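K.L.:
Just to be clear, the model below is a prediction. Sequence and coordinates:
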2 protein chains.
Amino acid sequence: MTTAGSNREPKYRRIAGALKQGIEAGRYAPGDRLPGENDLMAEHGVARMTARQALAVLQAEGLAEARKGAGVFVREFRPIRRRGIQRLARERWGSGRSVWGTDVGDRDLAVEVVEVAEKDAPEAVAGVLGGARTWVRDRRFVLDGKPVLLSVSYYPAALVADSAITRHDTGAGGAYARLAELGHEPVRFREEIRSRMPTADEADRLRLAAGTPVVLVCRTAFTADGRAVEVNEMVLDAGSYVLEYEFEG
Amino acid sequence: MTTAGSNREPKYRRIAGALKQGIEAGRYAPGDRLPGENDLMAEHGVARMTARQALAVLQAEGLAEARKGAGVFVREFRPIRRRGIQRLARERWGSGRSVWGTDVGDRDLAVEVVEVAEKDAPEAVAGVLGGARTWVRDRRFVLDGKPVLLSVSYYPAALVADSAITRHDTGAGGAYARLAELGHEPVRFREEIRSRMPTADEADRLRLAAGTPVVLVCRTAFTADGRAVEVNEMVLDAGSYVLEYEFEG
DNA sequence: CAGTGGTCTAGACCACGAT
DNA sequence: TCGTGGTCTAGACCACTGT
């Protein structure tokens, strides 16, 4: 087969490429349904598995999303902005004028408290906090009905045992206000960031489409005298967030 | 088929799960070869496509990597640490004691200059810099022979036209030193971070295995009077980096 | 060279979503 | 109910890697 000319690109890639072009050219807008397996089989004269492979490429790249019994649809990207320093963010310099324009989000954010319990922290966290015995606050953040963030916070048990941090509702000002009242106000923070594909559990709890990575943010909060009083491990839906940090050279 | 008991997990997932367990349990160490398609077909009595699907799961999750003609291998994760504020990073508080232990990297880092040219910047960048006419520095960073970072920097053409920023070698201290000499020293920075699956071109230029996301970092540098003098768009291999930021509340 | 993963076919049955 | 994507089979040929 294959008349003259070297066609060394696999069929499924050619098909995927054609679909991608269609998306970029705007022939398929975000939310639109793409041609289905049967359409591609007929149009390109290929077997079902080949058509599937083509659609799988778009899904793996995060461009499309399959809905069982309905079709494959073009995905949308409307992330929310998370600022490292909220206080400074409102200063005059450089305000507005961000490269990735995103809604600041006055949307409906719900916080589900999954669990609050006294537990041993993982080894790496225990090393930072100076002891394994911790109170753990496990929460999930849901934006407009879509889960976007899993958050697990660890506090040294000896420090917070008698505070509202051990209860579902930490009260006004949250855990940091309670730490401050205890004489351990966090004033400095370190955030470590990486990204990878989600585990099956993470994909489930964040309801992630295939082809969506997660961003891992690990925040450590320090008091003025350098003691670590909180480690917060967060798992973010990468399609829902843009992180922002500002600092001086 | 399927003797008693509801086995509603697809075969390929069961097989993938078994392989994952093997990795977690250490039966397959990083770099080891996993059972191949033929092995899985024989062991589980399935068709080739099904065995492939199982192996595809591990690759999509970034746990394994296929090498044509050789096999599928367990991947390793040894990222390098990139600090937002190098100066402050050496202060006493909180030094050491990071949650994700990673080599600070005294490894061999090569910088390839792909292109230095005067060009129109993309619309979003032009908006930040206050004009589309820019000098563009396109570079690729290679660590121990493995590409880890693509970097494209934009500078207002009117500002840097006569400086070494327009040449391949910017000289001692780099572009920031040249900007300082021109009276436009960058003193404040904003970095915006997101993550997604790579485009085919990015995967190619970073030699990414399937199942590896990229991290996008967009840095904007401001002078003391609030003028943006550089926008640097970076594409990082997510498997090669941990980003770190420190700030005060 | 033998073995590996990569691509592809032509069927099949299923669970699910919308109508 | 009908069309969709999801899973699976049993074959096949190819290009590549290693020895």
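P.N.:
Cool, got the structure. Residues are numbered from 1 along each chain as shown, chains lettered A, B, ... in the order given.
K.L.:
Secondary structure class of the closest residue to DNA strand C within chain A, three-state.
P.N.:
Nearest to DNA strand C in chain A, going by Cβ to the nearest atom of the strand, is A:G69, at a distance of 2.5 Å. In this view, the C-beta of every residue, glycine as well, is placed from N, C-alpha and C. Three-state assignment for A:G69 (DSSP: H, G, I helix; E, B strand; the rest coil): coil.
K.L.:
What backbone torsions are found at it?
P.N.:
Main-chain torsions, A:G69, degrees, to the nearest 10: phi 80, psi 0.
K.L.:
Report how many residues lie close to A:S163.
P.N.:
A:S163 has 17 neighbours, counted by other Cβ atoms under 10 Å in any protein chain shown.
K.L.:
and the nearest residue to it once chain neighbours are set aside, what pLDDT?
P.N.:
Excluding its sequence neighbours, the residue lying closest to A:S163 (Cβ to Cβ, 6 or more residues apart in numbering or on different chains) is A:R178, at 4.7 Å. A:R178 carries a pLDDT score of 91 in this model.
K.L.:
secondary structure element for A:K20?
P.N.:
Per DSSP states H and E, A:K20 falls inside helix A:11-24.
K.L.:
for the residue nearest to A:S163, what are its contacts?
P.N.:
Counting by Cβ atoms under 8 Å, 6 or more residues apart in numbering or on different chains, A:R178 makes contact with A:V160, A:S163, A:A164, A:I165, A:T170, A:G171.
K.L.:
Which stretches in chain A count as strands?
P.N.:
Using DSSP state E, the strands of chain A run over residues A:64-67, A:71-74, A:80-83, A:109-120, A:133-143, A:146-156, A:186-196, A:214-223, A:228-237, A:241-248.
K.L.:
what's in contact with the fourth one?
P.N.:
Pointing back at strand A:109-120 there. For strand A:109-120, the external contacting residues (Cβ under 8 Å, 6+ apart) are A:126, A:132-143, A:157, A:161, A:166-168.
K.L.:
Can you give me the buried ones in that strand?
P.N.:
Across strand A:109-120, burial judged by 16 or more other Cβ atoms under 10 Å in any protein chain shown covers A:V116.
K.L.:
What of stretch A:12-19?
P.N.:
A:Y12, A:I15, A:A16, A:L19.
K.L.:
Report the two of these separated the most.
P.N.:
Pairwise distances across the buried residues of stretch A:12-19 peak at 10.6 Å for A:Y12 and A:L19 (criterion: Cβ to Cβ).
K.L.:
got any residues that touch both of these two?
P.N.:
A:A54.
K.L.:
Quick one: end-to-end distance for stretch A:119-135.
P.N.:
6 Å (Cα to Cα, to the nearest Å).
K.L.:
Lowest-scoring secondary structure element of chain A by mean pLDDT?
P.N.:
helix A:86-89 (a mean of 41; mean pLDDT, DSSP states H and E).
K.L.:
mind giving me the domain split of chain A?
P.N.:
Taking automatic domain parsing as the domain assignment, the ranges for chain A are A:11-74, A:80-244.
K.L.:
So what's the gap between the longest one and the chain middle?
P.N.:
The one in question is domain A:80-244. Remark: domain A:80-244 is offset 12 Å from the chain centroid, using Cα atoms, centre = their mean, to the nearest Å.
K.L.:
Same question for stretch A:50-69.
P.N.:
That offset, for stretch A:50-69, works out to 21 Å (Cα atoms, centre = their mean).
K.L.:
neighbours around the residue of chain A closest to DNA strand C, how many?
P.N.:
5.
K.L.:
do the one 4 residues further on as well
P.N.:
Look at A:F73: counted by other Cβ under 10 Å, it has 17 neighbours.
K.L.:
got it, and A:M49?
P.N.:
Neighbour tally, A:M49, other Cβ under 10 Å: 12.
K.L.:
And A:L149, by the same measure?
P.N.:
A:L149 has 23 nearby residues by other Cβ under 10 Å.
K.L.:
check contacts around the closest residue in space to it that isn't next to it in sequence.
P.N.:
Setting aside the residues directly before and after it, A:L149 is nearest to A:F141 in space (Cβ to Cβ, 6+ apart), at 4.0 Å. Contacts for A:F141 (Cβ under 8 Å, 6+ apart) come out as A:L109, A:A110, A:V111, A:E112, A:P147, A:V148, A:L149, A:L150, A:S151.
K.L.:
Distance to A:R78 and pLDDT added to these, as a markdown table?
P.N.:
Shown next, in a markdown table, are the contacts of A:F141 (distance: Cβ to Cβ, whole Å; pLDDT from 0 to 100):
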| residue | distance to A:R78 | pLDDT |
| --- | --- | --- |
| A:L109 | 14 | 75 |
| A:A110 | 18 | 84 |
| A:V111 | 20 | 89 |
| A:E112 | 22 | 92 |
| A:P147 | 15 | 91 |
| A:V148 | 11 | 92 |
| A:L149 | 15 | 94 |
| A:L150 | 20 | 95 |
| A:S151 | 21 | 95 |
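K.L.:
What separation do you get for the residue of chain A closest to DNA strand C and A:G36?
P.N.:
Distance, A:G69 to A:G36, using Cβ to Cβ, to the nearest Å: 11 Å.
K.L.:
For the residue in chain A that DNA strand D sits nearest to, what are phi and psi?
P.N.:
Residue nearest to DNA strand D within chain A (Cβ to the nearest atom of the strand): A:G36, separated by 2.7 Å. Backbone geometry at A:G36, expressed as degrees, to the nearest 10, gives phi -80, psi -180.
K.L.:
got the residues of chain A near DNA strand D?
P.N.:
For chain A, the residues in contact with DNA strand D (Cβ under 7 Å from any atom of the strand) are A:34, A:36-39, A:48-49, A:52, A:55, A:66-72.
K.L.:
The same query, at a cut-off of 10 Å, please.
P.N.:
A:6, A:8, A:33-42, A:47-49, A:51-53, A:55-56, A:59, A:64-73, A:209-210 (Cβ under 10 Å from any atom of the strand).
K.L.:
Buried ones only from these, please, as a PyMOL command.
P.N.:
Restricted to buried positions by 16+ other Cβ under 10 Å, the PyMOL selection for the residues of chain A next to DNA strand D reads:
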select buried, chain A and resi 34+35+37+40+41+51+52+53+55+56+59+64+65+66+71+72+73+209+210
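K.L.:
circling back to that earlier point, check the contacts of strand A:109-120 for burial and list the buried ones.
P.N.:
A:126, A:132, A:134-143, A:157, A:166.
K.L.:
which one of these is nearest A:S240?
P.N.:
A:L143 (6.9 Å).
K.L.:
beta partners of the closest one?
P.N.:
Bridge pairing for A:L143 (DSSP bridges) gives the partners A:L109, A:K146.
K.L.:
Near DNA strand C, which residues of chain A are found?
P.N.:
Checking chain A against DNA strand C by Cβ under 10 Å from any atom of the strand, the hits are A:1-2, A:7-16, A:37, A:40-41, A:44-54, A:57, A:67-71.
K.L.:
and with 7 Å instead?
P.N.:
A:10-13, A:45-50, A:53, A:67-70.
K.L.:
and which of these is nearest B:D225?
P.N.:
A:R13 (50.2 Å).
K.L.:
which residue sits closest to A:V142, ignoring its sequence neighbours?
P.N.:
Per Cβ to Cβ, 6+ apart, closest to A:V142 is A:A110, 4.5 Å.
K.L.:
Where does pLDDT dip in chain A?
P.N.:
A:1-8, A:85-107, A:249 (pLDDT under 70).
K.L.:
quick one, what contacts A:A54?
P.N.:
A:K11, A:Y12, A:R13, A:I15, A:A16, A:L19, A:L40 are the contacts of A:A54 under Cβ under 8 Å, 6+ apart.
K.L.:
One more: A:L159?
P.N.:
Counted by Cβ under 8 Å, 6+ apart, A:L159 has contacts A:L179, A:L182, A:H184, A:V229.
K.L.:
Look up how far chain B lies from the nearest residue to the last one once chain neighbours are set aside.
P.N.:
When you say that, I think you mean A:V229. Leaving aside its sequence neighbours, A:V229 sits nearest to A:H184 (Cβ to Cβ, 6+ apart; 4.9 Å). Going from A:H184 to chain B by Cβ to the nearest Cβ, to the nearest Å gives 13 Å.
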